[in-house]
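K.L.:
missing the sequence, but the structure's below:
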């Protein structure tokens, strides 16, 4: 069943108006810069109701205003009713194209019966205009209030869940972050008390206009207040982030190290690609994104099975990469030291980070798919 939200509906409305300018906004903003091209269509932000919320349906009441010029000179050659009729012809044609768009049975959106009202107005806004107000209700399928989604917390052994939209302690004027609270319920939060070495938190303009933490790549980082909670020698890690500047060496978003010769986990960037690696002494495995680069928001999903020594990774919607480390033993420790966000203590990642999720096991393929779907639905990565 298709998901139709306000953004999707307005995008269709805008694409079907081909006669002049189109604007999503309010009536008082009409041609405030005196640069509008007429005929002009204004889509006002709608009111909506959810009569049957668990069926996922939302009824939007739209007021669409259509404008055309009606200058003094024009009044001598055209009647007012004719100008309104012509504007209504364009409005009707536009509405036909909109409704044709939703004839596909997989898209659930339709015009409610007996809901169209038309009002005719003259000499409005900043110009001498004729105006046609078209009011109607459109019923559309929406995601809200449908309790069928899977969230990271639905699966066992979630030990770290850092979300830029939740649990961030930051100074409002400067945006400087001092702490990022773990949402898994296990208290595995991260923090930094060193002035000048703390990331910034922005409430919008990230992937899909979501919140993010920005690390400068010079000295910004956050360290865990507890040791890394990976105690089973297996893990699954998800990261949503992007690289802010090209860094051809390895830079970690999630990093753990006991010592270089015992245990190292890196999830982040390498050679301008998304990257995941694990090392135990001379034994190691790593995976890199095979197409594109890390300068756009991406989704890293990587897991390690400590019993078989198998690293599995997927970057965005690429094919799954997997390889087994010959001679791998299961005694490597991953919980004897702190973990860090955006640094490996000697290098720092220049990155925007939106979400970090860690499980204390290799979760199943079905669970991985559900978490990936949760993240991609939220951030619209691919």
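P.N.:
The structure has been received and is ready for your questions. Nothing here was measured: the structure is a model prediction, and the numbers come from that model.
K.L.:
for this structure, which segments count as helices?
P.N.:
Listed in chain order, the helices found in the chain under DSSP state H are 6-16, 72-75, 80-101, 365-379.
K.L.:
how about residue 110, what does it touch?
P.N.:
Counting by C-beta atoms under 8 Å, 6 or more residues apart in numbering, residue 110 makes contact with 99, 102, 138, 139, 140. For every residue, glycine as well, the C-beta is placed using N, CA and C.
K.L.:
got the residues you listed as JSON lines, with pLDDT and neighbour count columns?
P.N.:
Shown next, in JSON lines, are the contacts of residue 110 (pLDDT from 0 to 100; neighbours: other C-beta atoms under 10 Å):
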{"residue": "99", "pLDDT": "89", "neighbour count": "15"}
{"residue": "102", "pLDDT": "86", "neighbour count": "18"}
{"residue": "138", "pLDDT": "90", "neighbour count": "22"}
{"residue": "139", "pLDDT": "88", "neighbour count": "19"}
{"residue": "140", "pLDDT": "86", "neighbour count": "22"}
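K.L.:
just the ones in strands from the residues you listed, please.
P.N.:
Among these, the members falling in strands are 138, 139, 140 (criterion: DSSP state E).
K.L.:
roughly how far does the last one sit from residue 170?
P.N.:
This points to residue 140. With distances defined as C-beta to C-beta, to the nearest Å, the gap from residue 140 to residue 170 amounts to 36 Å.
K.L.:
what ranges do the strands span in the stretch 101-250 of the chain?
P.N.:
Defined through DSSP state E, counting those that start in this stretch, the strands belonging to the stretch 101-250 of the chain, from first to last, are 109-111, 117-122, 129-141, 158-163, 168-170, 177-180, 190-191, 200-202, 212-216, 222-227, 235-243, 250-257.
K.L.:
okay, now the sheet partners of the third one, with direction.
P.N.:
Each strand pairing with strand 129-141, determined using DSSP bridges, is listed with its direction: strand 57-69 (antiparallel), strand 109-111 (antiparallel), strand 117-122 (antiparallel).
K.L.:
for residue 178, which of the helices of the chain is the nearest?
P.N.:
Shortest separation from residue 178 across the helices of the chain is recorded for helix 365-379, at 24.8 Å, computed as C-beta to C-beta.
K.L.:
between the ones in strands among the contacts of residue 110, which is nearest residue 68?
P.N.:
residue 138 (24.1 Å).
K.L.:
which ones are touching the closest one?
P.N.:
Taking C-beta under 8 Å, 6+ apart as the criterion, residue 138 is in contact with 9, 59, 60, 62, 109, 110, 111, 112.
K.L.:
need the strands of the stretch 101-250 of the chain in TSV (columns: distance to residue 47).
P.N.:
Converted to TSV, those look like this (distance: least, C-beta to C-beta, whole Å):
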stretch	distance to residue 47
strand 109-111	16
strand 117-122	14
strand 129-141	10
strand 158-163	30
strand 168-170	32
strand 177-180	36
strand 190-191	41
strand 200-202	30
strand 212-216	31
strand 222-227	42
strand 235-243	33
strand 250-257	41
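K.L.:
with respect to residue 382, which of these lies nearest?
P.N.:
For these, the distance to residue 382 is smallest for strand 235-243, at 11.5 Å, taking C-beta to C-beta.
K.L.:
name the helices or strands packed onto the closest one?
P.N.:
strand 250-257, strand 264-270, strand 298-305, strand 350-359, helix 365-379 (3 or more C-beta pairs under 8 Å, 6 or more residues apart in numbering; DSSP states H and E).
K.L.:
still on that earlier bit, quick one: closest of the strands of the stretch 101-250 of the chain to residue 357.
P.N.:
Set against residue 357 and scored by C-beta to C-beta, those come closest in strand 235-243, at 4.2 Å.
K.L.:
now the closest one, how far from the centre of its chain.
P.N.:
Mean C-alpha position of strand 235-243 versus that of the full chain (C-alpha atoms, centre = their mean, to the nearest Å) differs by 14 Å.
K.L.:
that strand: partners in the sheet, and parallel or antiparallel?
P.N.:
Strands that pair with strand 235-243, judged by DSSP bridges, come out as strand 298-305 (antiparallel), strand 350-359 (antiparallel).
K.L.:
can I get those in a markdown table including mean neighbour count, distance to residue 80 and mean pLDDT?
P.N.:
As requested, the strands paired with strand 235-243 are arranged in a markdown table below (neighbours: other C-beta atoms under 10 Å; distance: least, C-beta to C-beta, whole Å; pLDDT from 0 to 100):
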| stretch | mean neighbour count | distance to residue 80 | mean pLDDT |
| --- | --- | --- | --- |
| strand 298-305 | 24 | 56 | 97 |
| strand 350-359 | 25 | 54 | 98 |
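K.L.:
which stretch among those comes nearest residue 238?
P.N.:
Proximity to residue 238, assessed across the strands paired with strand 235-243 by C-beta to C-beta, is greatest for strand 350-359 (4.2 Å).
K.L.:
and residue 340, which of the strands paired with strand 235-243 is closest to it?
P.N.:
Taking C-beta to C-beta as the criterion, residue 340 comes closest to strand 350-359 out of the strands paired with strand 235-243, the separation being 11.1 Å.
K.L.:
next, the angle strand 222-227 makes with that closest one.
P.N.:
Direction vectors for strand 350-359 and strand 222-227, defined by axes from the mean of the first three to the mean of the last three C-alpha atoms, to 10 degrees, enclose an angle of 20 degrees.
K.L.:
so that it lines up with my notes, have the first residue be 46 from now on.
P.N.:
Got it, first residue is 46 now, which makes that one strand 395-404.
K.L.:
can you give me the angle strand 395-404 makes with strand 295-302?
P.N.:
Between strand 395-404 and strand 295-302, the angle formed by their directions is 40 degrees, by the same axes, to 10 degrees.
K.L.:
off-centre distance for strand 395-404?
P.N.:
On C-alpha atoms, centre = their mean, the centre of strand 395-404 falls 13 Å from that of its chain.
K.L.:
from residue 110, how far out is residue 85?
P.N.:
The separation that residue 85 has from residue 110, given C-beta to C-beta, amounts to 8 Å.
K.L.:
nice, that's everything, thank you.
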